[in-house]
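S.K.: can't give you the sequence, but here's the structure:
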Ligand SMILES: [Zn+2]
């Protein structure tokens, strides 16, 4: 059954890079019954040199062994093997990298990978075409819409907002109050290490508390949300 058979509103989260702060994020999401898609770089999971520091916070990707149990119940999507800018890769290199990342993630997690998040938000029609060739059915960018309309192009999805934006709670209230007669989506994205900065965890937990538990909202992964739209459910 598709969510659009029973609901007109759906909420999902999309978090990038597979860093250690995802452990705390997943614990919060699981506690509130929320679902996320985690966009991972299969080629950087065993590469400590990819760690960096942002505003005094250490950002480091997790090794692969603990990831399948951590992300259980959530979705895994591709973010290129080494977080390359897709626009900087020619068609052959891009195709090879997407297929390689997809295969490595499918092998590690034992499930099909059909989603993608653009590293650096870098997207264009050429990259979209290569993604489609590689069996990617939806791809997320980084430009906030502050709106809930279903995406016109599933290979170039703009999220509703990033969690650190000021109007996060205002958007939550608007979404909760909506009584739409056609599908509406709230897609939140970010990086979990950003919660370590400026007491972001407490604010995020308040947001989850407010968004969770509504009878008229479907809580699913990106592939569940966008998969239903792909099969002609848009009205
Ligand atoms: Zn990223």
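M.R.: All right, it came through fine. Computed from a predicted structure; not experimentally measured. Residues are numbered from 1 along each chain as shown.
S.K.: so how far is residue 200 from residue 78?
M.R.: Counting by CB to CB, to the nearest Å, the gap between residue 78 and residue 200 amounts to 26 Å. All C-beta atoms are positioned from the backbone trio N, CA, C, and that covers glycine.
S.K.: quick one: distance of stretch 22-38 to the chain centre.
M.R.: 12 Å (CA atoms, centre = their mean, to the nearest Å).
S.K.: between residue 78 and residue 200, who's got more neighbours?
M.R.: residue 78 (29 against 17; other CB atoms under 10 Å).
S.K.: which ones are touching the more buried one?
M.R.: Residues near residue 78 by CB atoms under 8 Å, 6 or more residues apart in numbering: 39, 40, 42, 98, 101, 102, 105, 113, 115, 116, 117, 136.
S.K.: could you dump the residues you listed to a markdown table with neighbour count and secondary structure?
M.R.: Shown next, in a markdown table, are those (neighbours: other CB atoms under 10 Å; DSSP: H, G, I helix; E, B strand; the rest coil):
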| residue | neighbour count | secondary structure |
| --- | --- | --- |
| 39 | 28 | strand |
| 40 | 33 | strand |
| 42 | 25 | helix |
| 98 | 24 | helix |
| 101 | 23 | helix |
| 102 | 23 | helix |
| 105 | 26 | helix |
| 113 | 24 | coil |
| 115 | 28 | strand |
| 116 | 29 | strand |
| 117 | 27 | strand |
| 136 | 21 | coil |
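S.K.: which residues of the chain lie near the ion?
M.R.: 16, 17 (CB under 5 Å from the ion).
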